[in-house]
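In: Sequence and predicted model, in that order:
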Amino acid sequence: MTKASNLSARKRNERIAAYVFVIPAVVLLVAFLVVPMIYTVYYSVFQYQIMRPDDITFIGLKNYVKLFGDSDFWQALKNTVYFTVIVVPCQCALALALALLVSKKFRGVAIFRTMYFSPQLTSMVVISILWTVLYNSNPNTGLINSLLTNLGFDSINFLSNEKTAMNSIIFMSAWQGAGYQMMIFLAGLQGIPGEQYEAASVDGATKFQQFLYVTIPGLQSTIKYVIMITMIQAMKLFTQPYVMTQGGPKNSTKTLVYYIYTQGFQNGNFGYACAVAAVFFVIVVTMSLAMKRVTSATD
Amino acid sequence: MKKLIALVLALAMALSLVACGSSSSTTTTSDTTTDSSAAAATDSDEVIYLTIWSPTDEAAVEEWWVEKLAEWNEANPNIQVSREAIDRSDSYAYDNKIATAVTSNDLPDIFYVDGPQVSYYAANGVTVPLDDYFTAEDLEDFVDSAVTQNTYDGQLYAIGATESSVAFFYNKDYLTECGVDVDDLDSRTIDNPITWSEFLEIAEKCTTDSYVGTHIIMDHGEGLPYALEPLYVSEGVDYISDDGTTAEGYVNSAEAVTTTAWLANIIANGYANIDPIDDEFLNGACATMLGGSWDIATLEESADFEWGVTYYPVSDDTGTAVSPCGDWAAAISKNCENVDAAGEFLQWLMNTENVATYAAAIAKPATRSSAYDEEAMADYAEGARALIVEQLENTASPRPRSPSYANFSSDYAEAMTNIFSDAASTGTVDEDYIQSELDRVSANFTENYETYYAE
Amino acid sequence: MTRKPQSKKASAFLSKFLFYAGNIVIGVIFVSPLLWMISASLKPEADIFANMSSIMTFVPTNATLSNYLEVFSRMNLLVVFKNTLLYIGLILIFDLIVNSICGYALAKFDFKGKGLILNLVIALMVLPMEAIMLPLYIEMSQLGWVNTLQALVVPFIAKCFSIYMFRQFFYDIPNDLLEAAAIDGCSPIRTFFNVVVPISKTVYATVFILDFVSHWNDFMWPFLVMTGENKRTIQLAVQSFFGTQPVHYGAIMAALVISAIPMIIMFIFMQKYYVEGIASSGIKG
């Protein structure tokens, strides 16, 4: 057997293995994500009251025309982008900091990891209800405002003022979500060989230099992944505005997914909601594929 | 170990293959409870099975269902009824479940629906009329508001056992401290309720550093239009026209703007919190509240102060007494194959004794006047509960019966949130802004109604 | 080197002290809502929001177990936990296998359509559940899966987030290691199971934890497809408490505390795979 044929046999084996490996996932993705998505796009050209599925009317691109003139849609898009742009760097940096704090083994490390992860252990709905109470505008009933007034500041209508509502949601979201990304960073940190730190330390590198020249390069692919999924999850923001502010005040916390949900289910404009969903989908896919291109330039 | 992995892999593949050939597969083994009624219909000697959906509730209510259905099923071997408790988180989630079931024709035979949604379901053909099972004579015993709320386009589409109301609650201890004449409040009658200006005066007097004067339901949802509607009706103009076709000239009328401005003024002056917590009154953080009939039990149980309750305040201009009402009711779905059997069951379910015991279990006022003579409802003979019944029988005004009410409700709640937010941050009331927000609510209503329901 | 042993020891102690103090302060900030939840679950209803303006809100002064009794009376914990663990367990078994092999193929194999599949995975990550809920429900209904375990499990096995995470981690495994296995005569599939999986426990543990937690908090989908008391999942049981008027927050908090316990146990248990990850990293270098 020649070396060349051996190599090509290996290539062939690898190709077969590749298909065996990807087919289950791809079949499931197509069946349960792509097919429903195609339906969503299909319904977007119909006038469809959600309670009357037998009585839908084809209206061409009317839903899309309406959408481009719909100020609520544009506001929702703006809010979604604002939330994403602010929350992604904050949450990722916080998550990385937390991960660094608890990446090494020390007495009680499991307890601290659990503490940082604990906001993830309760459903977002309940966390949102809790923060609604914490953010309460009256110092007599709201913990944060009580702290502020005791320190001599004025109380703030966190959630009922259009200037502060979204930032309040950003703050609690970063707090709640950081534990999730922390776990991914932790996994990434375990993959950096200890010798690299030792070598750097022998060379006289400070902790900060070690972080810059060992940790960051070692975490490169993890960081890319974390930024990408945080961005995508941020674009899908829904529960917090749904529970805490219902998109208000003055549309300041209305996000695209919130808009899709309320239009489609609460208001029954299912066809229109599908059009918003289709546009949302195009926007976010474009963004994430562009990001993948930018980040994978170094792959 | 490797064999196990191979096995699991094979399973995964098989599952995904099943998923793939989905739409063509005809042998579906679906849940039996919903399909069995269809099977029964083909053979008239067979037993008819009916399924009911209603929201999950406290243990007392769950027990009531078990007990009552056992009683019915024993007495009616040919109509067997079972109930599924639906774990709704909010009423929107419940509506979603109905919406998805509508899409795939998986609706149960009977389902419970919140009062203001009756028209929405009826107009979209999700429910069927019940007039054959409840005659005008039968309905005479029910409070008018409950019958009206459940009637759409001249036909009855739902029938409920329970009602609700809102009244003016006050902390007697604290009000006395603030120099409010509590005895006067206690002595009010339904013909002599407090007026808006008296309400405002009390709220102003009682607002201090540690108390706010009053509490307005601010749930950003249905609670807001529900609790506030009597103010508008009392001022002279309801949210939506009587026939349910338009909000133009109603929710954005001059009277509505006046009413809204009056409310915004309370917020602007800090007499009420813009985002009050649920138990504000109970916890002694506010002096008075426009509270619900459901608050009575909690107050009796936990309040550590003397409290009183009087009638919903009336407009100074008209003096017309109005109060909120409405609660969940049972409806028969379009997927029900044995409407007669379901109707027969509902007749029984809504008889005086059942209404009385159900209302007692769920701690809500009953819809049938005769139910109050039953022992289970003895609580309602006097005190706060008697006042609630008095309001229901005399001043209750159902919410607008329009298929577009659900849209109206969320739009109105949104507009009020904006208006209150504006009032809170500027400390003043901007009537032009109020007008523009209410105009938007009206325009949205028109759009929705014209799109789906106009002839 | 040992000129000032005392001060060095002191500074080591100080830095250790600061490290712990910092961790504790930050930890408390993160865990405080959970503490509040526990405290509220032990309070009578009237006390829950009573002291929100002071730190005393974290202390249940009139502690009572009545909220827990209410929870036990309203939900059959055994059934609820059994249902939830069953469906999440099934999802996770398939999830870890299906998504890791797919991620591995995308990281290490060359084949036609690889770029396309990778882009598909990224694109599908974006789909919000709220946008495809109804069509997916219709699909379930056509399959006859409404109110069956399949509807809870099968659509959620393949997860783009997990595939992509596996792909990123496998991507960093040195090719030399795989080459070596190949030269030893391992087929690509065997290389994966015998060489790659044993050194990748950390990423499996991570995917396990994250997916377990997110499914534990599922509400809307189980709510739509499952009907009936004996089919209840944990979030359905918890959220049904929001449906009664007036809302009993004490009971809700008690239900939440109970529902968080299995997750905390799972999380602490899965920690050990993070430690092993460190040991395995030696192989990689």
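Out: Received, thanks.
In: so where's chain B uncertain?
Out: B:1-45 (pLDDT under 70).
In: before we move on, what about chain C?
Out: Judged by pLDDT under 70, chain C has its weakly predicted residues at C:1-6, C:275-285.
In: neighbours of whichever residue of it sits closest to chain B, just the number please.
Out: Closest to chain B within chain C is residue C:144: 2.5 Å, counting by C-beta to the nearest C-beta. (Glycine included, C-beta is placed from N, CA and C.) Residues near residue C:144, counting by other C-beta atoms under 10 Å in any protein chain shown, number 19.
In: tell me the secondary structure for the closest residue to chain A within the stretch 151-300 of chain B?
Out: Closest to chain A within the stretch 151-300 of chain B is residue B:220: 4.0 Å, counting by C-beta to the nearest C-beta. Recorded secondary structure, residue B:220: coil (DSSP: H, G, I helix; E, B strand; the rest coil).
In: tell me the contacts of it?
Out: Neighbour list for residue B:220: A:245, A:246, A:248, B:413, B:414, B:417 [criterion: C-beta atoms under 8 Å, 6 or more residues apart in numbering or on different chains].
In: how long is stretch B:112-123 from one end to the other?
Out: One end of stretch B:112-123 to the other measures 16 Å (C-alpha to C-alpha, to the nearest Å).
In: do it and chain A meet at all?
Out: Yes - using C-beta under 8 Å from any C-beta of the partner chain, stretch B:112-123 reaches chain A at B:120, B:121.
In: anything in that stretch sitting right up against chain C?
Out: No - Stretch B:112-123 is not in contact with chain C by C-beta under 8 Å from any C-beta; minimum separation 11.1 Å.
In: How about that stretch, which residues are buried there?
Out: For stretch B:112-123, the neighbour count (16 or more other C-beta atoms under 10 Å in any protein chain shown) marks B:112, B:113, B:114, B:115, B:116, B:117, B:118, B:119, B:120, B:121, B:122, B:123 as buried.
In: try stretch B:232-251
Out: B:232-240, B:244-247, B:250-251.
In: re earlier: take the buried residues of stretch B:112-123 and keep only those in strands.
Out: Among the buried residues of stretch B:112-123, the ones falling in strands (DSSP state E) are B:112, B:113.
In: Give me the residue at the spatial middle of chain B.
Out: Nearest residue to the geometric centre of chain B (C-alpha atoms, centre = their mean): residue B:327, 4.3 Å.
In: which residues touch that residue?
Out: B:114, B:115, B:146, B:160, B:162, B:163, B:164, B:364, B:367.
In: Sketch out the strands for chain B, chain order is fine.
Out: Along chain B, counting by DSSP E, strands occupy B:48-55, B:79-86, B:110-113, B:127-128, B:151-152, B:155-156, B:166-171, B:288-292, B:307-310, B:329-333.
In: Sorry, slip of the keys, the one I care about is the stretch 1-150 of chain A.
Out: A:46-47, A:57-58 (DSSP state E, counting those that start in this stretch).
In: Return the nearest residue of the stretch 251-400 of chain B with respect to chain C.
Out: residue B:302 (3.6 Å).
In: how about the residue nearest to residue B:138 when sequence neighbours are not counted, what does it touch?
Out: Spatial nearest neighbour of residue B:138, chain neighbours left out: residue B:347 (7.8 Å); criterion: C-beta to C-beta, 6 or more residues apart in numbering or on different chains. Going by C-beta under 8 Å, 6+ apart, residue B:347 touches B:133, B:134, B:138.
In: Go through these and name the one nearest residue B:85.
Out: residue B:133 (24.3 Å; C-beta to C-beta).
In: Neighbours of the closest one, how many?
Out: Counted with other C-beta under 10 Å, residue B:133 comes out at 19.
In: Please apply the same query to residue B:218.
Out: 21.
In: what residues does stretch C:174-190 touch?
Out: By C-beta under 8 Å, 6+ apart, stretch C:174-190 touches A:10, A:13-14, A:17-18, A:20-21, C:108-109, C:191, C:194-196, C:283-284.
In: give me that answer again for 7 Å
Out: A:10, A:13, A:14, A:17, C:108, C:109, C:191, C:194, C:195, C:284 (C-beta atoms under 7 Å, 6 or more residues apart in numbering or on different chains).
In: How about stretch B:130-150?
Out: For stretch B:130-150, the external contacting residues (C-beta under 7 Å, 6+ apart) are B:115, B:118, B:155-160, B:163, B:325-326, B:329, B:332, B:343, B:346-347, B:367-370, B:392-393, B:396-399.
In: measure that stretch end to end?
Out: End-to-end for stretch B:130-150, by C-alpha to C-alpha: 10 Å.
In: cool, stretch B:172-183 as well?
Out: Stretch B:172-183 has an end-to-end distance of 9 Å (C-alpha to C-alpha).
In: same check, this time on stretch B:364-372
Out: OK, stretch B:364-372 end separation, C-alpha to C-alpha: 12 Å.
In: Next, the buried residues of it.
Out: So, applying 16+ other C-beta under 10 Å, buried residues of stretch B:364-372: B:364, B:365, B:366, B:367, B:368, B:371, B:372.
In: residue contacts, whatever residue of the stretch 301-450 of chain B ends up closest to chain A?
Out: Closest approach between the stretch 301-450 of chain B and chain A, counting by C-beta to the nearest C-beta: residue B:421, at 3.6 Å. Residue B:421 makes contacts with A:160, A:161, A:162, A:249, A:250, B:274, as judged by C-beta under 7 Å, 6+ apart.
In: what's the second one sitting at in phi/psi?
Out: The reference is to residue A:161. Dihedral pair for residue A:161: phi -130, psi 130, per degrees, to the nearest 10.
In: Touching, it and residue B:425? I think so.
Out: Yes - here residue A:161 reaches residue B:425: they are 5.3 Å apart, a contact under C-beta atoms under 7 Å.
In: Perfect, I'm done here.
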